[in-house]
Structure formats: C-alpha cells, structure tokens
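[1] The sequence isn't on hand, but the structure is:
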C-alpha cells in the first residue's frame, strides 16, 4: 500500500490543497490500496478563504508516507518559525517524495531539505526562500532534484502532482490522471 499525505495549516491556500487532493485521489481508480490523507496539527484548519477543513490525521503521518505534499499560503510564514512544529517531521528524501506548492517550499527549506539545491516558489516568497541559501529559480514553474520537487503558481500543481505520480507509479498512470482534468480537446476522455 502506498500513502500520500497533504500537509496543511491555518491560512492555507485553498486551491493548492484541493487540487492536489483531487488529482491524487484519481490514482485510486488505478490502485485501490492507495491512501491519500490531509494532515495538520489540529483537527480542523481554516483556509485563507475561510473554509474549515477537517484533518484525516496529524503531521507525524508524513514520516512514513511515500509522498509528502506541502501546500502554501500565509500560514507557511508562521509554521517555519515554530521549531516544535518543524521537529515533528522526520522526512527522508532518499526514501520519500517531498514536494511543495509555492510558499510550501519554505517549509522544506526550514526542514533543511533544500540545502545546496535550486527550487522555485511564488514571487512573494522568493526572498524568504533565498534567505535559506536556496538558489531560487524565478522563471520555472517546476524544479525537481531526485525526490524533491517545488512548484510555483497554483495551477503548476498539475505538473507537480503528475511528476510525483510518475515517480510513485509510472508514466501511463500520470498521463491518465492528468488527461482526466485537461480541457476537452487537450487530453483523452476518461470515464470513472
């Protein structure tokens, strides 16, 4: 059984979490044992748009997940300053796929997993990410190194999640999942 966890916190960006949730759950049509969970530090986290989202578990579930996906939002600036929060993560990029949307890259950097690497993030987080010593690529929407991927711009989640799906499974499953969300005429029609 493979497991993906989507990490959220108060003041998360709605589309980052919900788009990743939807795309990853489409994998379940191909692998019935694939598990996707949204995790946080509380039972409910509130988005920047005011939606309350009930968690499926705590962030410690990241430590044995195959895929860890960090969302973005103003809340990233709070959690990266909280050493107790950061200490709950025991991630291993040699064995896990670790990825982020926009300012979620700040969390990966705060955890020390972007040392010596390049990454991307949303323009409002460029300077904060550079402060971690990361070489920020400002003109690419997806930057990957081994099992670490960062993306910039909410709709880049399609490419980021596609990259992660292909790393976990294969190109065919990635293509099928992505084709299922493309506008008509840009991909094949998938019926569920």
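    Received, thanks. Values in this document were obtained by computation on a predicted structure and should not be read as measured data. Numbers count the residues shown, from 1 in each chain.

[2] which stretch of helix or strand covers residue 16?
    helix 14-25 (DSSP states H and E).

[3] what packs against that helix?
    For helix 14-25, the contact count by 3 or more CB pairs under 8 Å, 6 or more residues apart in numbering; DSSP states H and E identifies strand 3-7, strand 35-40, strand 67-70, helix 157-168 as packing neighbours. (C-beta placed from N, C-alpha, C; glycine too.)

[4] Buried deepest among those, which one?
    The densest packing among the helices and strands packed on helix 14-25, expressed as mean neighbour count by mean count of other CB atoms under 10 Å, is seen in strand 67-70 with a mean of 29.

[5] Direction included, what does that one pair up with?
    Taking DSSP bridges as the criterion, strand 67-70 pairs within the sheet with strand 3-7 (parallel), strand 97-101 (parallel).

[6] where does the protein have low pLDDT?
    Applying pLDDT under 70 to the chain flags residues 187-192.

[7] Not counting sequence-adjacent ones, nearest residue to residue 57?
    residue 39 (4.8 Å; CB to CB, 6 or more residues apart in numbering).

[8] Surely that neighbour touches residue 4?
    No: in this structure, residue 39 sits apart from residue 4 without contact. The criterion is CB atoms under 8 Å, and the distance is 10.4 Å.

[9] In a strand, residue 109, correct?
    No: using DSSP: H, G, I helix; E, B strand; the rest coil, the assignment for residue 109 is helix, not a strand.

[10] Apart from its chain neighbours, what residue comes closest to it?
    Across the structure, with CB to CB, 6+ apart as the measure, the residue nearest residue 109 apart from its sequence neighbours is residue 132 (3.8 Å).

[11] Let me see the contact set for the residue sitting nearest the centre point of the chain.
    Among the residues of the chain, the one closest to the centroid is residue 69, at 2.6 Å (CA atoms, centre = their mean). Shown here is residue 69, whose contacts under the criterion CB atoms under 8 Å, 6 or more residues apart in numbering are 4, 5, 6, 7, 20, 24, 99, 100, 101, 104, 161, 164.

[12] which one in this protein is furthest away from the centre?
    The outermost residue of the chain relative to its centre, with distances by CA atoms, centre = their mean, is residue 185 at 27.6 Å.

[13] Relative to residue 21, how far out is that one?
    26 Å (CB to CB, to the nearest Å).

[14] Kindly report the same for residue 160.
    13 Å.

[15] hmm, back to that, can you spell out which residues form a bridge with the residue nearest to residue 57?
    When bridges are assigned using DSSP bridges, the partners listed for residue 39 are residue 7, residue 57.
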